[in-house]
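Asks: model the structure of this input:
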Amino acid sequence: MDFLKEIVKEIGDDYTRLAADIDETETFVDTGSYIFNGLCSGSIFGGVSGNKITAIAGESSTGKTFFSLAVVKNFLDSNPDGYCLYFDTEAAVNKGLLASRGVDLNRLVVVNVVTIEEFRSKALKAVDIYLKTQAEDRKPCMFVLDSLGMLSTEKEITDVLNDKMVRDMTKSQLVKGAFRMLTLKLGQANIPMIVTNHTYDVIGSYVPTKEMGGGSGLKYAASTIIYLSKKKEKDGTEVVGNLIKAKTAKSRLSKENKDVTVRLYYDERGLDRYFGLLELGELGGLWKNVAGRYEMNGKKVYAKEILKNPDKYFTEEVLQKLDEIAKEEFSYGSAV
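Replies: Here you go, the predicted model:
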């Protein structure tokens, strides 16, 4: 034991320690949706990892940007002294869009990046500045990359300027290298990161299969990968948001290949916190659905009425029971 302590002392740094001394406390970022929290972490009171990379992938117009902004808004609301660095590759984020989603404009920095090299350099520089700050002075911080699929490479830009119509075979290696360096740094700094990415249909697959673009770099680096698909939700004839099916393609925190449906509004409400809990409770036998009405507190109530007055029906006691069901349904077995 003295030998090991001597090794830690001689070759170690602030992040080298005996396994017995490792802090196993897992931190989470509340997404603003109880059911999505459960999918990602195994607990409705959890969320996406607080110091790892979470990938949100889907086809075009599945709401990846809106989904990310909803999580960012909830992160900033939950951390009044926190802030966010938003790496934008699509020029899709502007002041009006952020304001319409209820995001605090004074605590979010939009960083426009064009190439993988530029993103890598700026992200690593930001983490290094954060780590140089005294631990007690660090405020909660979150990174978002939207989206990985739109990042180019310096070689690709040079080839286009020189009229060379050749495919850049170095892109996947650059992506892998960027996340290889960034993953450990984010863990040391306790900075959560959301990365959005595009998916495509795998040609020749026996069953319809979706795959993320950009090579294997993000697949290896991400702690959780969520695939999104959607359908629009209408209030009369007006489209007010999306009903999004979220499925875990990879997760180190909860069971894989589980899926839930979440509601995402197009305005400052973002993710509906209580949507999906009725189905979860029914799944766990907490109540029954009879002809479209749920038997709760000795009464039969329509879902629309329950979700209109969630505080009345989803009491602290009910939420605790729902959390137990979520752990049974989504968790590997260890309580969050």
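
Asks: please count neighbours and contacts with C-alpha atoms only from this point.
Replies: Fine.

Asks: for the chain, which helix is longest?
Replies: Across the chain, the longest stretch assigned as helix under DSSP state H is helix 171-189.

Asks: which strands and helices sit next to that helix?
Replies: helix 116-132, helix 217-221 (3 or more CA pairs under 8 Å, 6 or more residues apart in numbering; DSSP states H and E).

Asks: ranges for the strands of the stretch 151-300 of the chain?
Replies: Per DSSP state E, counting those that start in this stretch, the stretch 151-300 of the chain carries strands over the ranges 193-201, 210-212, 224-235, 238-251, 259-265, 289-290, 293-296, 299-302.

Asks: what pairs with the shortest one, parallel or antiparallel?
Replies: Same thing as strand 289-290. Take DSSP bridges as the rule and strand 289-290 pairs in its sheet with strand 293-296 (antiparallel).

Asks: starting at the chain centroid, how far to the partner strand?
Replies: How far strand 293-296 lies from its chain's middle: 32 Å, per CA atoms, centre = their mean, to the nearest Å.

Asks: tell me the mean pLDDT over that strand?
Replies: For strand 293-296, mean pLDDT is 88.

Asks: ok, back up a step: now the strands of the stretch 151-300 of the chain as a markdown table including distance to Lys176 and mean neighbour count?
Replies: Converted to a markdown table, the strands of the stretch 151-300 of the chain look like this (distance: least, CA to CA, whole Å; neighbours: other CA atoms under 10 Å):
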| stretch | distance to Lys176 | mean neighbour count |
| --- | --- | --- |
| strand 193-201 | 14 | 21 |
| strand 210-212 | 14 | 19 |
| strand 224-235 | 16 | 19 |
| strand 238-251 | 17 | 18 |
| strand 259-265 | 27 | 21 |
| strand 289-290 | 47 | 14 |
| strand 293-296 | 48 | 16 |
| strand 299-302 | 49 | 14 |
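
Asks: right, and the ones you listed - which one's nearest Ser60?
Replies: Closest to Ser60 of the strands of the stretch 151-300 of the chain is strand 193-201 (CA to CA; 7.0 Å).

Asks: so what touches that closest one?
Replies: Defining contact as CA atoms under 8 Å, 6 or more residues apart in numbering, one finds that strand 193-201 is touched by 51-60, 64-65, 68, 142-149, 186, 208-213.

Asks: now stretch 93-106
Replies: By CA under 8 Å, 6+ apart, stretch 93-106 touches 69-70, 72-73, 76, 110, 266-270.

Asks: most neighbours out of those residues, which is it?
Replies: Within the contacts of stretch 93-106, neighbour counts (other CA atoms under 10 Å) peak at Val72, which reaches 30 neighbours.

Asks: my read: that residue touches Leu85, true?
Replies: No - checked against CA atoms under 8 Å, the pair Val72 and Leu85 is beyond contact range at 9.8 Å.

Asks: one step back: what's the closest of the contacts of stretch 93-106 to Ala221?
Replies: Among those, and counting by CA to CA, the member closest to Ala221 is Val72, at 20.7 Å.

Asks: for the closest one, give me its contacts.
Replies: With contact taken as CA under 8 Å, 6+ apart, Val72 is in contact with 84, 103, 142.

Asks: which regions of the protein sit below the pLDDT cut-off?
Replies: Within the chain, the segments meeting pLDDT under 70 span 1, 12-15, 23-24, 166-168, 204-208, 232-241, 333-336.

Asks: what do you get if the cut-off is 50, keeping everything else the same?
Replies: Applying pLDDT under 50 to the chain picks out residues 334-336.

Asks: which of the three states applies to Val93?
Replies: At Val93 the chain is in coil, as set by DSSP: H, G, I helix; E, B strand; the rest coil.

Asks: quick check on it: phi, psi?
Replies: The phi/psi pair for Val93 (degrees, to the nearest 10) reads phi -100, psi 120.

Asks: what about it, how many neighbours?
Replies: When neighbours are counted by other CA under 10 Å, Val93 registers 18.

Asks: quick one: it from Leu174, how far?
Replies: 25 Å (CA to CA, to the nearest Å).

Asks: right, and Tyr332 touches Ser251 too?
Replies: No - Tyr332 lies out of contact with Ser251 (CA under 8 Å); the separation is 10.3 Å.

Asks: could I get stretch 128-147 in CSV with only the CA atoms?
Replies: The C-alpha coordinates for stretch 128-147 follow below in CSV (Å, rounded to 0.1, in the frame of the first residue of the first chain):
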residue,chain,number,x,y,z
ASP,A,128,-8.3,24.6,-20.0
ILE,A,129,-9.4,28.1,-19.0
TYR,A,130,-12.1,26.6,-16.9
LEU,A,131,-9.7,24.2,-15.2
LYS,A,132,-7.2,27.0,-14.4
THR,A,133,-9.9,28.6,-12.3
GLN,A,134,-9.8,27.7,-8.6
ALA,A,135,-12.2,24.8,-7.9
GLU,A,136,-14.3,26.8,-5.4
ASP,A,137,-14.7,29.6,-8.0
ARG,A,138,-15.9,27.4,-10.9
LYS,A,139,-19.6,27.9,-11.8
PRO,A,140,-21.6,25.2,-13.5
CYS,A,141,-20.9,25.0,-17.2
MET,A,142,-22.3,23.1,-20.1
PHE,A,143,-21.1,22.6,-23.7
VAL,A,144,-23.3,22.0,-26.8
LEU,A,145,-22.1,21.1,-30.3
ASP,A,146,-24.8,21.5,-32.9
SER,A,147,-24.1,19.7,-35.1
